[in-house]
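Colleague: model the following, please.
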Amino acid sequence: MQRKNQEVDWSAYFKSIRSVCPHSLESFQGNRIHLVPFYYLFHQAHWYNALDRFDAILFIGDNKVSLGLLKNLVDYLEKEYKHLEVFYSYPDEGTYSTPKPVIIMQKRMVLQRARREYKQKLKEQ
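Modeller: Residues are numbered from 1 along each chain as shown. This next block holds a predicted model:
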């Protein structure tokens, strides 16, 4: 991973979180995670239909996006779109935090399916 104001090596980031989000690296390598600028979040027409084509969308902010803004937006989005799972990640907010402020959005059923598939893989090993 790189510093906040530089380009991010997202592949390295997804490798680093395998222990807590094991399906994310496979999704990223399969081009099923859509990385978009943060302001796309405010254009529902862009992301709402994209959720059908991707496992997740990451809305990537810059150093002007505050932790408080992320929390408020996640609260709003979870109330407004009950069929979605919405998370935030903020630099230095924990071991697995993203190097830039992000909102992560995915359909709840996609996340549940990924978790079931991962648990099944573990049983088969």
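Colleague: now the strands for the chain?
Modeller: 33-37, 56-60, 84-89, 102-107 (DSSP state E).
Colleague: just give me how far the third one sits from the chain centre.
Modeller: The offset between the C-alpha centroid of strand 84-89 and the centroid of the whole chain comes to 7 Å, using Cα atoms, centre = their mean, to the nearest Å.
Colleague: quick one: list the elements packing against it.
Modeller: Applying 3 or more Cβ pairs under 8 Å, 6 or more residues apart in numbering; DSSP states H and E, one finds that strand 84-89 makes contact with helix 67-80, strand 102-107, helix 108-124. To be clear about C-beta, it is placed using only N, CA and C from the backbone, and glycine gets the same treatment.
Colleague: looking at those, which is buried most?
Modeller: Neighbour counts (mean count of other Cβ atoms under 10 Å) averaged over each of those peak at strand 102-107, with a mean of 21.
Colleague: re the thing from before, tell me which of the strands of the chain is the most buried.
Modeller: Per stretch, and counting mean count of other Cβ under 10 Å, the top mean among the strands of the chain goes to strand 56-60, which has a mean of 23.
Colleague: got the angle for that strand vs strand 33-37?
Modeller: When axes from the mean of the first three to the mean of the last three Cα atoms, to 10 degrees is applied, the directions of strand 56-60 and strand 33-37 differ by 20 degrees.
Colleague: now the most centrally placed residue in the chain: closest residue in space, sequence neighbours ignored.
Modeller: Among the residues of the chain, Ile104 comes closest to the average C-alpha position under Cα atoms, centre = their mean, at 3.0 Å. Closest residue to Ile104 apart from its sequence neighbours, by Cβ to Cβ, 6 or more residues apart in numbering: Phe87 at 4.5 Å.
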